[in-house]
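> how would this look folded up:
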Amino acid sequence: MNAESRFSIAEEPGDDDTIKITVEGELNVQTSPQLKKSITRSIATGVKRLHVALDGVERIDSSGVATLIEGLKWSRSSGGRFVISGLQQEVHDLIRLSKLENEFDIVDADS
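Presented below is the predicted three-dimensional model:
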């Protein structure tokens, strides 16, 4: 099974201009363009709070982190809030080692 076949994204609109994007599988150079498309589409619709749930992400590479950074920048430039949640240990370690832990708004999975 290749990495792309273990990857899925679900978008769930919430209240007050909020959308939750749930990601499962490996977030890497092959799959991060799908997340980027979902993020840009959401921001283009005027979403003010974008929540990316990473509970199901087992692995992430630098392109996955770059996509999250792009989402953060786009949200900030449009006056929105970009949050991530559900960081598995490997994902959290990469965010921390990249010195991005204080840049991202990391919340509990239920927030």
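> what's the one helix or strand Gly56 maps to in contact with?
In this structure, Gly56 sits in strand 49-60 according to DSSP states H and E. Here strand 49-60 makes contact (C-beta atoms under 8 Å, 6 or more residues apart in numbering) with 8, 14, 16-28, 35, 39, 42-43, 64, 68, 71, 75, 80-88, 90-91, 94, 107, 109, 111. Every C-beta, even on glycine, is put in place using the N, C-alpha and C of the backbone.
> Packing partners of the helix or strand containing Glu12?
Using DSSP H and E, Glu12 maps to strand 8-13. Applying 3 or more C-beta pairs under 8 Å, 6 or more residues apart in numbering; DSSP states H and E, one finds that strand 8-13 contacts strand 18-27, helix 32-44.
> That strand - what's its average pLDDT?
For strand 8-13, mean pLDDT is 94.
> that older thread, turn the helices and strands packed on strand 8-13 into JSON lines, including mean pLDDT, distance to Ala53 and mean neighbour count.
Converted to JSON lines, the helices and strands packed on strand 8-13 look like this (pLDDT from 0 to 100; distance: least, C-beta to C-beta, whole Å; neighbours: other C-beta atoms under 10 Å):
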{"stretch": "strand 18-27", "mean pLDDT": "95", "distance to Ala53": "4", "mean neighbour count": "20"}
{"stretch": "helix 32-44", "mean pLDDT": "94", "distance to Ala53": "11", "mean neighbour count": "18"}
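> mind putting the ones you listed in JSON lines, distance to Asp55 included?
Converted to JSON lines, these look like this (distance: least, C-beta to C-beta, whole Å):
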{"stretch": "strand 18-27", "distance to Asp55": "7"}
{"stretch": "helix 32-44", "distance to Asp55": "14"}
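> Please identify which of the ones you listed is closest to Glu103.
For the helices and strands packed on strand 8-13, proximity to Glu103 was assessed by C-beta to C-beta; helix 32-44 is nearest, at 16.0 Å.
> how far out from the middle of the chain is that closest one?
Computed by C-alpha atoms, centre = their mean, to the nearest Å, the chain-centroid distance of helix 32-44 equals 9 Å.
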